[in-house]
Structures are given as structure tokens and as C-alpha cells.
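> Structural data only, the sequence is not supplied:
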């Protein structure tokens, strides 16, 4: 028993060491918005209605994700109020479940414990998880969806009805799960002869029918915001290849913030050294060593024997990686590592198959393991103080504490005006001052309306236009936006 659980104890321990600051990170931005749109009158029927499809203009939500958005935020708000700890604990619990499910799935498909543990370990510790942990609003949705996707794949052979139920839960958690039927088709093709596989794929018609209805309702009823250009698809081969390259780089363990310092022509912005400090001296060599070892062993496999390329199980994982990214590959203005989460099991399974083969020298494996762990560990530690969601949660908590300390209560219909702190360091014209950062962290008026339980509370910011002329001056309360 101990031998079975000990490897998972090691993986879970490393995850906690790397990502434990997320446990103490407050809500920010989208979290407050999700709380507000999820509030009901407390009746059972209003709770059930959270599962409905509603036009974007009605609630300002463009995607159907009720389980880990409306339902979760509604239930936790009633149970815990604005206490982030239960949310954060749930994130870690789901992540630990997913680590175990990755191991079980890879073991079921490839039947090699070294590959299975390798996949589970780096799925668990990879620095791409920074976004899914610190960006709570999106992270918990994609973590939950991935849990149901993995369960769907695991249950499909022996428990088809249960598999169908977990699939429904997956697409009600995040839209990337809509590609699960194609993933199931690939799983079937990897296990059976082509003729038998086709017969089994035909039996997947209920899955494909649900996806067709799901896509129709998303487009026809929910729709999208014409003003949010970051969600507009761009079908340009060069741009798509560039986007895929970034996701591949992040899957390896590079920090997401690297993209902010790469100029056209792949030239590094010198300010990287200022923001990253000496971390770049570890991160860049680790990326180079990891890529070199992977490609070297892949090349050896091509030269010495092509068995790996005849293995349909290997190709299943290779195809899985870009497939689950398909909904976001054409959104180059909205790249984020949290979208990588459902693709990471495949990425690390494919790498594991390349590097954990019997003919591969132990030296290569050890060098790769150390370089990959060093890369993800360094990136995860760096992102504690540089990743926007990590910093924004801390800022939101700081601002809310400052407001509550100065104004323990406010009359209905009051206004709060945040002015810029003159000591706030200049970053860029787009970044603006401390009031702009407060606006982003608090999602405008929403956070303080929740804190004071007053939807009539108005909140203004110097960088977003200040106090309107028609708002009563005697109701305006001033506060310098801290940073």
C-alpha cells in the first residue's frame, strides 16, 4: 500500500511547495463579476435556472460554464461569503485528483508505470499551472472540465453511461471539453483495427449530437460581444503557428510572462532583466537543455528504429495536445497558459514515451528530469511576484482592507473615488497609474458593491474618467489607490 501511494505523496508535496502561495491569494477581477451574476433570490428554482442558456446582452457572459462558474460561486458565496480559502482548497483537491487520473489513464493506454508517473509528475508540477492556480475564475473551470474529460476517457470502455454523464458535466464546465468526442474517437482508433474502430466510433453519435446542440445554443442564444476583440477568431497560418509555438513553450515549463518581453523577430526586450532579475540565467539554459535532450532522443528513435512512430498510442497523445487547444489557437490576442490544462496530460505522456523507452540511456533521462524540474520550479517561483493574477489578488485584498478601515460603513447610494498615488512607479502609458490597477483588481464597482452589499454604491477612478459632474459631491468619499 505504501509503495503505491508514496509516488503520489511526492508529487503532491512538490505541487504544494511550488504553488502554496495560491492558497492565500484573494479574489480579483472576474471573481467578483462571477459572484455578482451568480447571486439568486435563494429559491430552488432560481438555482436551477443557473444551468440555462442566456443571451450575452442579458448577463455579459459569452460562454456556457455553469458548474464551476455560476453554481460554484453561488453555493460558495452562500456558504462562505467572500472567503477565498474554500475555493483555493477545492482547486488543489481537483488538481490532485487530476494528477491521479492522468496516471491511471496513461497507465491504461500505454501500460508503462515509468511513463505514467513521469506524465503525472510533470502534469502536476509544470509551471503552466501558475495560471490555473492564481487565476481562480478561469483556472477552477478548466481544472474541473479536465477532471470530467479524464473520467470520460477512463470510463468509456466499461461504463459508457457514466462516461456520457461525465462528458455532459465536462461541457457544462468549459467549452474546450466540446472536443472530447473527437478525443474518444482517437482513443478507439489507437486500440482497435480500423474496421472495428469505425463501428465503435459510429456508436459515439450521442456525444457528437450533444456537441452539435451545444455549439448551436452557444452561437444562436448566448452569442458573443462585438466589443471584446480578443475573442475574435483570426485565421492566419503564420499567426496560428506562432500561437501554437507559445503554447508548446509554456507546456514545457517556461513562464507565461516571457511573451511580454519578446519583440517582433524574436528579440528580447532588455527590460526582461529588470523584471526577472537573475531568474533568466536559470530559465533560458533549462529550456535549451530540455529541448536539446528531447529532440536528441527523438532523433535517435528515428535513426535507430521507427517503432515509436508506428505506435498508435503515441500518435493519440501527439494529436491530443493541439486538438484540445483548437478552440483557442485562433485567438492570438487571448493566449493564456490556463487553456493548456486539458492538453498537458497528452504533452507529458508524449514526452514520457520519447524519453522513457528501454533503449534510452539513464543519463539522458536524469538530465531531462532535472532540467524540466528546474525550469518549472524556477518559473513557478518567479510568477509568484510577476504573474498578473497573483499580483492582482494581493492588490484587491489590500485595497479592500484599506477601504474598510477608512469607511467601516457607507450610506446607501454613496460613491468612492480612487485617485492615483503620486509615488506609483511609471511602467507604460497603457499601464497608467495606481487607480487603473485598482479598477482592474476590483472589477470596477463590483467588488465594493459585494463588500458593502449595496448595488447602488458607485466607484470611480481617476484613470477611467473620474467622478461624473452630475454625481453629488457630498456623497463622494476619497481614497488614494494603494499599490
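Great, that's in hand. Being a predicted model, the structure only gives us computed values, none of them experimental.
> quick one: residue 189 and residue 319 touch, right?
No - using Cβ atoms under 8 Å, residue 189 is not in contact with residue 319, being 9.5 Å away. C-beta: built from backbone N, CA, C; applies to glycine.
> after the host helix or strand of residue 13, next one along is what?
Using DSSP states H and E, residue 13 sits in helix 2-19. Next helix or strand after helix 2-19 toward the C-terminus (DSSP H and E): helix 30-38.
> Contacts for the helix or strand just after that following helix next, please.
The helix or strand immediately downstream of helix 30-38 is helix 44-48, counting by DSSP H and E. If you take Cβ atoms under 8 Å, 6 or more residues apart in numbering as the criterion, helix 44-48 is touched by 40, 71, 74.
> quick one: the second one from residue 148, how far?
Yep, that's residue 71 we're talking about. As for residue 71, its distance to residue 148 is 14 Å (criterion: Cβ to Cβ, to the nearest Å).
> The two - which one has more neighbours?
residue 148 (25 against 18; other Cβ atoms under 10 Å).
> helices and strands around the strand or helix carrying residue 460, which ones?
Here residue 460, judged by DSSP H and E, is contained in strand 458-461. Applying 3 or more Cβ pairs under 8 Å, 6 or more residues apart in numbering; DSSP states H and E, we find strand 458-461 packed against strand 415-419, helix 434-442.
> what residue ranges in the stretch 251-400 of the chain score low on pLDDT?
Within the stretch 251-400 of the chain, the stretches with pLDDT under 70 are 305, 358-360.
> that older thread, ok, the contacts of helix 44-48 vs residue 92, which is closest?
Set against residue 92, the nearest of these by Cβ to Cβ is residue 71 (19.7 Å).
> tell me the contacts of the closest one?
38, 47, 50, 51.
> Mind doing that once more with 6 Å?
Each residue near residue 71 by Cβ atoms under 6 Å, 6 or more residues apart in numbering is listed here: residue 50.
> State the pLDDT value of it.
On pLDDT, residue 71 comes in at 97.
> Let's check: the centremost residue of this structure is which one?
residue 338 (2.1 Å; Cα atoms, centre = their mean).
> State the phi and psi torsions of that one.
Main-chain dihedrals, residue 338, degrees, to the nearest 10: phi -70, psi -20.
> how about the nearest residue to it, chain neighbours excluded?
Distances taken as Cβ to Cβ, 6 or more residues apart in numbering place residue 131 nearest to residue 338, at 3.7 Å, with adjacent residues excluded.
> gap between the one you found and residue 387?
7 Å.
> and if you look at residue 162?
Residue 162 is 37 Å from residue 387, by Cβ to Cβ.
> How about residue 85?
20 Å.
> can you check residue 74 too?
Counting by Cβ to Cβ, the gap from residue 74 to residue 387 is 28 Å.
> just to revisit the earlier point, can you name every helix or strand that the helix holding residue 13 contacts?
Judged by 3 or more Cβ pairs under 6 Å, 6 or more residues apart in numbering; DSSP states H and E, the packing partners of helix 2-19 are helix 113-125.
> Residue 312: what's its closest spatial neighbour, skipping adjacent residues?
Closest residue in space to residue 312, ignoring its immediate chain neighbours: residue 190 at 4.3 Å, by Cβ to Cβ, 6+ apart.
> The one you found contacts residue 316, correct?
Yes - taking contacts as Cβ atoms under 6 Å, residue 190 lies within contact range of residue 316: 4.0 Å.
> okay, these two: which has more neighbours?
Per other Cβ under 10 Å, whichever of residue 190 and residue 316 has more neighbours is residue 316, with 22 against 19.
> I figured that one was touching residue 189, is that so?
No - look at residue 316 against residue 189 with Cβ under 6 Å: they stay out of range, at 7.5 Å.
> And the host helix or strand of the residue nearest to residue 338, how far out from the chain middle?
In the assignment (DSSP H and E), residue 131 maps to helix 129-134. Its chain's C-alpha centre and that of helix 129-134 lie 6 Å apart, by Cα atoms, centre = their mean, to the nearest Å.
> so what does the next helix or strand after it touch, helix or strand wise?
The helix or strand immediately downstream of helix 129-134 is helix 136-155, counting by DSSP H and E. Judged by 3+ Cβ pairs under 6 Å, 6+ apart, helix 136-155 is in contact with helix 30-38, helix 85-110, helix 129-134, helix 160-171.
> returning to what we had before: which residues touch the residue nearest to residue 312?
Contacts of residue 190 by Cβ under 6 Å, 6+ apart are 312, 313, 316.
> Quick check: what element follows the helix or strand that contains it along the chain?
Counting by DSSP H and E, the element that carries residue 190 is helix 180-191. Moving toward the C-terminus from helix 180-191, the next helix or strand (DSSP H and E) is helix 194-202.
> where do the helices sit along the stretch 301-450 of the chain?
307-310, 312-323, 326-329, 344-355, 362-386, 388-406, 434-442, 446-452 (DSSP state H, counting those that start in this stretch).
> wait, which of the ones you listed is closest to residue 221?
Using Cβ to Cβ, the nearest of the helices of the stretch 301-450 of the chain to residue 221 is helix 326-329, at 18.2 Å.
> Domain ranges for the chain, per the record?
Following the assignment in automatic domain parsing, the chain carries domains at 2-388, 407-480.
> can you tell me the distance between the two ends of the longest one?
For domain 2-388, the separation between the terminal residues is 40 Å (Cα to Cα, to the nearest Å).
> can you give me the offset of it from its chain's centre?
On the basis of Cα atoms, centre = their mean, domain 2-388 sits 7 Å off its chain's mean C-alpha point.
> what's the answer for the shortest one, then?
Mean-position distance between domain 407-480 and its chain equals 29 Å (Cα atoms, centre = their mean).
> What is the end-to-end distance of that domain?
13 Å.
> Please say which of residue 85 and residue 387 ends up with more neighbours.
residue 387 (22 against 11).
> List the contacts of the more buried one.
With Cβ under 6 Å, 6+ apart, residue 387 has these contacts: 130, 134.
> Quick check: the gap between the residue nearest to residue 150 when sequence neighbours are not counted and residue 147.
Residue nearest to residue 150 in three dimensions, not counting chain neighbours: residue 101, with 4.0 Å by Cβ to Cβ, 6+ apart. Distance of residue 101 to residue 147, computed by Cβ to Cβ: 7 Å.
> Equivalent analysis for residue 289, please.
Counting by Cβ to Cβ - residue 289 and residue 147 are separated by 32 Å.
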